[in-house]
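Q: Sequence and predicted structure are below.
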Amino acid sequence: MQPKTKYLKGLFSLDFGTTKFCLATLREAPGQDARVVETLCVPAEGMRRGMLANVEQAKAALKQLLELGERHFDTDITKVVVGIAGSHLGSRIVTVSRPLDGEVVTVSDVRSLMERAESETPTEGRELLHTIPIAYRIDSREAVEDPVGFRGRTITGEYFLIDADKLYMKDVVDVCNECGLQVVRLYSEPFASASVTVPDSYKQLGVALADIGGGTTDGIVFKGGRPTAAFTVNVAGKLMTNDLAIGLSLPPDIAESVKLRFGIRPRPGDAMDVTNIKGERRIISGEHVVPVLGPRIHELCALLASELQPYKGCLGGGILLTGGGADVKGITEYFAAKLNIPVARARPVLGGGQEAGLESNASSSALIHPTKFATVIGLLNLELGRVEELAKSKKNTWTNRYLGQFVNWLRELS
C-alpha cells in the first residue's frame with residue numbers, strides 16, 4: 001500500500017491571476033529532507049489586468065479552486081496568504097533621521113526610525129505592504145546594514161516602501177472571507193516572485209525582474225542587493241494570445257498553444273494543424289505567427305525599456321524574465337538584442353537566494369518549477385520564511401513585526 005502524501009497543513013498561498021487562480025502548499029518528499037511545492041490551478045474568472053473586475057465571477061472560480069484543493073490536499077483550507085498586483089501598486093524610497101546625541105544605537109532607536117519612515121508622506125487611501133530597510137548611516141560614515149551598537153550624533157535610515165490601494169485590498173480580503181478563507185497576510189506579487197527567482201549575486205550587481213503574467217507584467221529593480229523600485233506594465237501574455245486569436249481567427253485555447261509552440265523564434269519547417277473559429281482546418285507555421293505576435297513583444301520591450309531607463313548602467317545582472325510569458329520562444333533573445341543588456345529566463349526555486357532557477361543553473365539539485373508558478377511559489381516562500389523565523393523566537397518582539405525585511409498590515413482589512 002502506497003504511503004499517504006503528507007502536506008504541511010495550514011500553509012497555503014493564493015494567486016489571483018488574470019488567466020488562472022492558483023493555490024500552493026508544501027508536501028514532504030519521502031526519503032528526502034527537502035519539502036516539495038505542489039500547485040493546483042483553475043481558470044480565472046472576474047479578473048482584468050491582474051485585478052478584480054467581477055466579484056461574483058471571482059468568488060465562483062475561487063470556490064471551485066477550494067473544493068478541488070480540499071479534495072486534492074485532503075485537508076480543510078481555511079487560511080491563505082494572498083498576492084496583490086496591478087497598476088495601483090506604488091513604491092518609493094524614504095530617508096529619515098533622528099538624533100543620537102552621542103549615545104549608542106539601540107533596537108528601540110531602529111524601531112522608531114522605521115516607524116517614522118512609514119509615517120512619512122502618508123497618502124490617503126493607501127496601505128503599506130512592505131517596508132524594506134536599504135541602509136543605515138551613523139553621521140557621515142559609510143552605510144551599514146545593522147546600526148545597533150554604534151555610537152554617534154545622528155542615525156539616518158533609508159527604506160524602500162511598497163503600498164497599494166487600501167479599498168482594493170479590502171475587496172480582495174472580502175472575496176476570500178466570503179469563500180470561507182481567512183487572509184493571514186498580503187504580499188506584493190513582484191516582491192514575492194523575486195524572492196524565488198533572483199539570485200543574491202544578481203541583486204548585488206543590479207538586476208530587474210519582469211514577471212510576465214496573464215494581464216500585467218510586474219517588475220522590481222534591485223541595486224546593491226536591495227530593491228529600489230517596483231513597476232507594472234499593462235501588456236502581458238493574454239494580450240499576446242488575443243492578438244493571435246484575432247489575427248489568425250483561432251479559438252483562445254488554440255491561440256495559446258500556437259503562442260507557446262512558435263513564439264517569435266519558431267523552428268524551421270515547424271507547422272501545426274489547427275481548427276479555426278469557423279471549424280475549418282488549416283496549417284499554421286512560424287511565418288503566420290511572427291508577424292502577428294512580434295508587434296506585441298516589441299511593445300512590451302519598449303515599455304520595459306521606458307521603466308528601466310532611470311537605471312541604465314546600473315543593471316550588471318541584466319533583466320530576468322519569469323511568469324508564463326517568459327516561456328514565449330525567442331523573447332529573451334529579442335529583448336537582449338533590442339535593449340543591449342543581458343536577458344535570461346528565471347524559474348522559481350523555493351528558498352531563492354543562490355539557488356534561484358536561472359537556465360544556466362539548470363543542473364542544480366534544487367527543485368526548479370515552471371515560470372508560470374513564480375508568484376504563487378514566491379508567496380509561499382515569503383510566508384514560510386516568516387513562520388520559520390517566528391518559530392525561532394517565542395517572544396513577540398518588535399523584530400518579529402518586521403521579519404523578512406517587510407511590514408505587512410491587515411489591520412481592519414479582515
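A: Thanks, I have it.

Q: elements contacting the host helix or strand of Ala135?
A: Assigned by DSSP states H and E, Ala135 falls within strand 126-138. Here strand 126-138 is seen to pack against helix 107-119, strand 154-165, helix 166-178, strand 182-188, strand 226-233 when contacts are counted using 3 or more CB pairs under 8 Å, 6 or more residues apart in numbering; DSSP states H and E. Yep, even glycine has a C-beta here, placed from its N, CA and C like the rest.

Q: What mean pLDDT does that strand get?
A: Regarding strand 126-138, the rounded mean pLDDT is 92.

Q: where's that strand relative to the chain centroid, distance-wise?
A: With CA atoms, centre = their mean, to the nearest Å as the basis, the distance from the averaged C-alpha position of strand 126-138 to the chain average is 18 Å.

Q: re the thing from before, quick one: which of the helices and strands packed on strand 126-138 is nearest Pro268?
A: Smallest distance to Pro268 across these (CB to CB): 31.7 Å, for strand 226-233.

Q: okay, the angle between the closest one and strand 154-165?
A: 20 degrees (axes from the mean of the first three to the mean of the last three CA atoms, to 10 degrees).

Q: Can you give me every residue that contacts the nearest residue to Leu89 once chain neighbours are set aside?
A: Leaving aside its chain neighbours, Leu89 sits nearest to Ala164 (5.4 Å; criterion: CB to CB, 6 or more residues apart in numbering). Listed by CB atoms under 8 Å, 6 or more residues apart in numbering, the contact set of Ala164 reads Ile84, His88, Leu89, Gly90, Arg126, Glu127, Leu129, Leu186, Ser188.

Q: And these, which two are furthest apart?
A: Going by CB to CB, the two entries of those that are most distant from one another are Gly90 and Leu186, at 14.6 Å.

Q: of those two, who's got more company?
A: More crowded of Gly90 and Leu186, by other CB atoms under 10 Å: Leu186, with 22 against 17.

Q: hey, what's that one bridged with?
A: Legend: beta-bridge partners of Leu186 under DSSP bridges are Val82.

Q: Now do Val104 against Gly125, distance only.
A: According to CB to CB, to the nearest Å, Val104 and Gly125 sit 40 Å apart.

Q: Please name the bridge partners of the residue nearest to Leu89.
A: Checking Ala164 by DSSP bridges, which sets the bridge assignment, gives partners Glu127.

Q: quick one: it from Asp174, how far?
A: With distances defined as CB to CB, the gap from Ala164 to Asp174 amounts to 15 Å.

Q: Same check on Leu303?
A: In this structure, Leu303 and Asp174 are 32 Å apart, going by CB to CB.

Q: bridging residues for Pro99?
A: Thr154.

Q: Could you do the one 5 residues further on as well?
A: Beta-bridge partners recorded for Val104 (DSSP bridges): Arg151.

Q: Just list the residues touching it, thanks.
A: Remark: with contacts taken as CB under 8 Å, 6+ apart, Val104 is in contact with Gly149, Phe150, Arg151.

Q: Can you tell me which of those residues is closest to Glu388?
A: Nearest to Glu388 out of these is Gly149 (CB to CB; 25.8 Å).

Q: sorry, back to before: the strand holding Ala135: which residues count as buried?
A: Applying a neighbour-count criterion of 16 or more other CB atoms under 10 Å, one finds 126-138 buried in strand 126-138.

Q: That strand to helix 166-178, inter-axis angle?
A: In terms of direction (the same axes, to 10 degrees), strand 126-138 departs from helix 166-178 by 120 degrees.

Q: Check which helices and strands the helix or strand that contains Asp218 sits against.
A: Asp218 is part of strand 217-223 when elements are defined by DSSP H and E. Helices and strands touching strand 217-223, by 3+ CB pairs under 8 Å, 6+ apart, are helix 189-197, strand 207-212, strand 226-233, helix 286-308.

Q: Now do Pro310 against Val94, distance only.
A: Note on Pro310: its distance to Val94, by CB to CB, is 17 Å.

Q: I meant Gly46, not that one.
A: If you measure Gly46 against Val94 using CB to CB, the figure is 35 Å.

Q: Arg35 too?
A: Using CB to CB, one obtains 36 Å as the distance from Arg35 to Val94.

Q: rewinding a little: got the CA coordinates for the strand holding Asp218 in CSV?
A: The C-alpha coordinates for strand 217-223 follow below in CSV (Å, rounded to 0.1, in the frame of the first residue of the first chain):
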residue,chain,number,x,y,z
THR,A,217,4.0,42.4,-16.3
ASP,A,218,5.0,43.2,-12.8
GLY,A,219,8.6,44.3,-12.2
ILE,A,220,11.0,45.1,-9.4
VAL,A,221,14.5,46.6,-9.6
PHE,A,222,17.5,45.7,-7.3
LYS,A,223,20.6,47.8,-6.7
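
Q: hmm, who's touching that strand?
A: Strand 217-223 has contacts (CB under 8 Å, 6+ apart) with 50, 85, 89, 189-191, 193-194, 198, 202-203, 206-211, 227-233, 235-236, 300, 303-304, 307-308, 311, 314-315, 317, 323, 325.

Q: Surely Arg92 is in contact with Tyr159?
A: No. Counting by CB atoms under 8 Å, Arg92 does not reach Tyr159; the two are 9.1 Å apart.

Q: just the helices and strands packed on strand 217-223: most buried one?
A: Looking across these with neighbours counted as mean count of other CB atoms under 10 Å, the highest average goes to helix 189-197: a mean of 31.

Q: after it, next one along is what?
A: In the C-terminal direction, the helix or strand that comes right after helix 189-197 (DSSP H and E) is helix 200-205.

Q: tell me the mean pLDDT over that next one?
A: Helix 200-205 shows a mean pLDDT of 94.

Q: now it, how far from the centre of its chain.
A: Centroid displacement of helix 200-205 relative to its chain, using CA atoms, centre = their mean, is 17 Å.

Q: Buried ones in it, by neighbour count?
A: Neighbour-count burial for helix 200-205, with 16+ other CB under 10 Å as criterion, is recorded at Tyr202, Lys203, Leu205.

Q: now stretch 379-394
A: Along stretch 379-394, the positions that meet the burial threshold by neighbour count (16+ other CB under 10 Å) are Leu379, Leu380, Asn381, Leu382, Glu383, Leu384, Gly385, Arg386.

Q: No further queries at this time; thank you.
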